[in-house]
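[1] Coordinates for the following, if possible.
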Amino acid sequence: MNRLAFFLMFTIYISINAIISILKLSIGHDWFNQWFFDKFFVFQFISVVIIGMAIESRYFHNLSYIRIGSRREIFRKELLRYYRQGFICLNIMYIFIILGALLLQESSHILQLIEWYIRYLLGIIVFINIMSCLKWSNNFILSRYCKLFTFIWMIIELLLLKPYVNKFFSFDINLLFSWIFYRGSVSYFYMLILIVLTILLNTRLSDKRDFI
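    This is a model prediction of the structure:
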């Protein structure tokens with residue numbers, strides 16, 4: 001599957017999700033709440049976006065590394081491709097969310113749409129940066145399975161660790177991905193800090209990466 005085929009399949013996938021979400025409205029579901037919660041982000045969005053990232057990663061191999069030459073340039077090109085992949089997928093999904101809102105005459109939720117767009121965009125960047133940190137490490141296992149390990153940690157943090165700590169210790173723990181769903185403006189600050197730190201770490205790791 002090439003990049004164009006993936007975006008086409010992603011569009012079809014999101015359109016099917018939109019149809020199912022509209023059908024759920026008859027049993028009391030809210031249009032927006034079906035798109036903006038942790039399980040949807042993990043299992044129905046990021047899990048599919050990872051497939052696109054796997055397709056993008058095929059453009060980077062030993063021959064392309066030699067052709068590009070500079071470690072910094074390899075890192076920059078690879079990261080930008082992943083960012084573009086996530087950005088396009090997010091916008092495809094948002095087109096259907098907005099179309100659904102117009103169809104249902106839910107125009108009063110514009111601020112909610114903007115808020116969640118920013119949160120999801122920052123969440124995608126955090127995911128990509130952490131995944132990239134693992135990929136650029138010289139640990140073979142972490143590098144080879146960077147997408148899987150990052151995805152597993154996201155599941156553990158959002159769906160197991162955070163709810164468990166909150167339920168049994170009445171403490172709201174936020175580590176990496178939990179900030180996406182932390183309802184407060186401070187979450188934007190922490191996600192931006194995470195993005196800056198992971199880019200710096202990625203830069204340091206890329207300078208030391210052994211491609212042999």
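
[2] hmm, which helix or strand of this structure has the shakiest average pLDDT?
    Scoring the helices and strands of the chain by mean pLDDT, DSSP states H and E places helix 62-68 at the bottom, with a mean of 63.

[3] just checking, next helix/strand downstream of it?
    helix 71-103 (DSSP states H and E).

[4] Can you list the buried residues in the helix or strand following that next one?
    Next along the chain after helix 71-103, taking DSSP H and E as the criterion, comes helix 110-136. Buried residues in helix 110-136, defined by neighbour count with 16 or more other C-beta atoms under 10 Å: 113, 116-117, 119-136. All C-beta atoms are positioned from the backbone trio N, CA, C, and that covers glycine.

[5] same deal with stretch 156-171?
    So, applying 16+ other C-beta under 10 Å, buried residues of stretch 156-171: 157-158, 162.

[6] distance between the ends of stretch 104-117?
    20 Å (C-alpha to C-alpha, to the nearest Å).

[7] So which residues make contact with it?
    Residues outside stretch 104-117 that contact it (C-beta atoms under 8 Å, 6 or more residues apart in numbering) are 22, 25, 31-32, 35-36, 90, 94, 97-98, 100-101.

[8] now stretch 153-173
    In contact with stretch 153-173 (C-beta under 8 Å, 6+ apart) are residues 38-39, 41-42, 46, 127, 130, 174-178, 181-182.

[9] And these, which two are furthest apart?
    39 and 130 (19.8 Å; C-beta to C-beta).

[10] where does the protein have low pLDDT?
    Residues of the chain that meet the criterion pLDDT under 70 lie in 60-69, 107-108, 209-212.

[11] and residue 175, which of the three is it?
    Three-state call for residue 175 (DSSP: H, G, I helix; E, B strand; the rest coil): coil.

[12] how near is it to residue 184?
    The gap separating residue 175 from residue 184 is 16 Å, by C-beta to C-beta, to the nearest Å.

[13] ditto for residue 137
    Between residue 137 and residue 184 the distance is 32 Å, computed by C-beta to C-beta.
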